[in-house]
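K.L.:
For reference, the sequence and a predicted model appear below.
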Amino acid sequence: MSKIEDLFVVRQGGGRHTLKPQKQYIITRQGAIKELESTDIEFTEQIENPESLLLLGNKGDLRQLETIYRNLSVLFNGSVRKDEMYHITPTAISPLTTPGGSYDAKGMAYINKIRFKATPQSEVTYLVEGSNDDITWHTLANESLTINDSGAVETTSAIGSSKYRYFRATATQGTIHDVVFLVEDIATSKFLPLDQAGRLQELNAETYDTTFFIQGGPHVSRKLLTFISPQVLYIRNNWGGFVGSADIPPHSPYDIALHLNNTPIGTMTINTDGNISMTTINRLALNPGDKLSLISASYADSQLADISLTLVFDRKEKA
């Protein structure tokens, strides 16, 4: 399976729909599949519709396989409960936000209240707005009030009845500062998000993680494993994101050499508490087919056993 023509979606009631290059698809909550031209405005109109799953068919590479697999990992049909489609966070409080600055709730949320400070005994008119794209804003509240002696204000009733992702507050009369938003029922989709151009932000920005387990104790001067890079990847500075441990630690620190295409590039040390540390390294590119190998020490440790490792790389898109 190496191109978009090899991919298909199973239709509700059976049968399959083959995905084609230069096409875009909408899968509705009812299970219907719509095939659209890449320039069809209907696809753009569905970008913010949580009831539709969008598939891009214009890349023609294996990223499509990962995108479709991950999006369809949550069954998409009418029987799906809300908590199966969304991660729900009951409440959240924003950090201090400057007036006019937008707060990203990281999901679709209701705004419950806002807090802000203003000059005591002054008259203030404040405007609260919500947005789904941080560009087009919708008015949620436009209220006037007299500030009390403390200068602190917290609204007493919920603001607005629609969910938005971004919120901002400004003063149209007087001055406010140190704005805090209290939001609730924050719904973060389990599907990958889309930006305005219809590209998958999360997939383009994500890392490439791979996990290994070495059972038992390592033999002397052996190649324990080799990771062959499937695409252009980047080793992060100082192996950022690396996680590793030994279930049974060594008697003394144990070194494992790291080789890239048979050239040493660093050392992994398994410490006596079971934790693993790595030598420093500058960001380094791996090309498709490059081999990253772990070579055991030239001495044995009779106690060391069962090593778990997770290596984290950046994808080419982040470079």
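P.N.:
Perfect, thanks for sending it. Numbering: from 1, shown residues only.

K.L.:
Beta-bridge partners for the closest residue to Val243 other than its chain neighbours, please?
P.N.:
The spatial neighbour of Val243 that comes closest, neighbours along the chain excluded (C-beta to C-beta, 6 or more residues apart in numbering), is Thr310 at 4.5 Å. Glycine gets a C-beta too; all of them are placed from N, C-alpha and C. Judged by DSSP bridges, the bridge partners of Thr310 are Thr211, Val243.

K.L.:
From Met278, how far off is Thr310?
P.N.:
According to C-beta to C-beta, to the nearest Å, Thr310 and Met278 sit 12 Å apart.

K.L.:
With Asn148 instead?
P.N.:
56 Å.

K.L.:
who has more neighbours, those two?
P.N.:
The neighbour count for Asn148 versus Met278, taken as other C-beta atoms under 10 Å, is higher for Met278 (17 against 11).

K.L.:
okay but the more buried one is in contact with Gly240, surely?
P.N.:
No. Counting by C-beta atoms under 8 Å, Met278 stays clear of Gly240, with 9.7 Å between them.

K.L.:
hmm, back to that, need the residues touching each of Thr310 and Met278.
P.N.:
Phe242 (C-beta atoms under 8 Å, 6 or more residues apart in numbering).

K.L.:
got the buried residues for the helix or strand hosting Asp247?
P.N.:
Assessed by DSSP states H and E, Asp247 sits inside strand 243-248. Residues 244-246 are the ones in strand 243-248 that count as buried (16 or more other C-beta atoms under 10 Å).

K.L.:
again, but for stretch 249-269
P.N.:
For stretch 249-269, by 16+ other C-beta under 10 Å, it's 249-250, 254, 256-260, 266, 268.

K.L.:
which one of these sits closest to Thr170?
P.N.:
Closest approach between those and Thr170, by C-beta to C-beta: Gly266, at 51.4 Å.

K.L.:
Can you tell me what sits against the one helix or strand the closest one maps to?
P.N.:
Counting by DSSP H and E, the element that carries Gly266 is strand 263-270. Residues from elsewhere that reach strand 263-270 (C-beta under 8 Å, 6+ apart): 239, 244, 246, 249-250, 253-259, 276-281, 284, 294, 304, 307, 309.

K.L.:
tell me the contacts of the nearest residue to Phe212 once chain neighbours are set aside?
P.N.:
Leaving aside its sequence neighbours, Phe212 sits nearest to Leu309 (C-beta to C-beta, 6+ apart; 4.7 Å). Shown in contact with Leu309 (C-beta under 8 Å, 6+ apart): 211-214, 242-244, 268, 276, 294.
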